[in-house]
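Asker: with the input below, show me the fold.
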Amino acid sequence: MTTLNGKTALVTGSTSGIGLGIAHSLAAAGANLVLNGFGEVAQALEAVRRHGGEVRYHPADMSRPEQIAELVAFAESEFGTVDILVNNAGIQHVAPVEEFPPERWDSILAINLSSAFHTTRQALPGMRRRGWGRIVNIASVHGLVGSEQKSAYVAAKHGLLGLTKVVALETAQTAITCNAVCPGWVLTPLVQQQIDARARASGDAAGARRELLAEKQPSLEFVTPQQLGELVLFLCSEAASQVRGAAWNMDGGWAAQ
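Answerer: Predicted structure coming up:
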């Protein structure tokens, strides 16, 4: 069993969905947590605190490099360290390329890709000083394959895998690792909105769920935030010390097609 007692984890976009699931897994293993994101902050803090560790929150806007610097500095001032960095913050917009609003392209690239560069740049010096660290970038199966009408998201997630490989190479002879996780469909609030929209159009909620999964995910089952949290926990373990620069897909067979 992986224990993270005495370690501090910073998880961006962690007040709901995938990020919160990862925070739960890391906290259950003994890590102190710094949460970040929007939504039900008090509820997320209360839930993660039930694991018994220390938990803090910082409201950094992940599209703003100066606020990202403040986020990492806050984590280090509260706990003295950022041992584990999980770059999870992300947004989505769907439209054909010729109709894609340029400002939405810029915001998706900023939050889904550039924020991971800025957090990593800020956190790496401390990891190098302490001689240990784990960086996990939550990419997507869309870092491995494309889908129509998701140009910015797909571009950002492909870029995130490239960043992961470069950081892994630059830290290859240290006890710092950098890897990416590539989920398929996960039943988050955003995905539930897509199911609800289909259900309203068809009048069949169960059918809308099956239809969404059948388009891409051969298992016809959603990946859960808890499963992703356990994978991140493994990547933080000593058993994964030679997993470096990997893009680990958990996608129900999506990318195998």
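Asker: chain neighbours aside, what residue packs nearest to F79?
Answerer: T8 (4.1 Å; C-beta to C-beta, 6 or more residues apart in numbering). For glycine as for every other residue, the C-beta is placed from the backbone atoms N, C-alpha and C.
Asker: and that neighbour, what does it touch?
Answerer: Residues near T8 by C-beta atoms under 8 Å, 6 or more residues apart in numbering: A31, N32, L33, V34, A75, F79, G80, T81, V82, D83, I84.
Asker: got a ChimeraX select line for the buried ones in those residues?
Answerer: Filtering the contacts of T8 down to the buried ones (16 or more other C-beta atoms under 10 Å) takes a single ChimeraX command:
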select :31,32,33,34,75,79,81,82,83,84
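Asker: quick one: V11 from P189, how far?
Answerer: 17 Å (C-beta to C-beta, to the nearest Å).
Asker: could you report the separation of the residue nearest to F79 from E99?
Answerer: 43 Å.
Asker: next one: F222
Answerer: According to C-beta to C-beta, F222 stands 29 Å off from E99.
Asker: show me which of those two is the more surrounded one.
Answerer: Per other C-beta atoms under 10 Å, whichever of F222 and E99 has more neighbours is F222, with 19 against 7.
Asker: so who does the more buried one touch?
Answerer: By C-beta under 8 Å, 6+ apart, the contact set of F222 is W185, V186, L187, V191, L213, G252.
Asker: give me the neighbour count for the fifth one.
Answerer: Just to be clear, that refers to L213. L213: 20 neighbours (other C-beta under 10 Å).
Asker: so who does it touch?
Answerer: W185, S219, L220, E221, F222, G252.
Asker: dump the residue contacts of the nearest residue to A31 once chain neighbours are set aside.
Answerer: Once flanking residues are discounted, A31 sits nearest to L4: 3.9 Å by C-beta to C-beta, 6+ apart. Applying C-beta under 8 Å, 6+ apart to L4 gives the contacts L26, A29, G30, A31, D83, I84, L233, C236.
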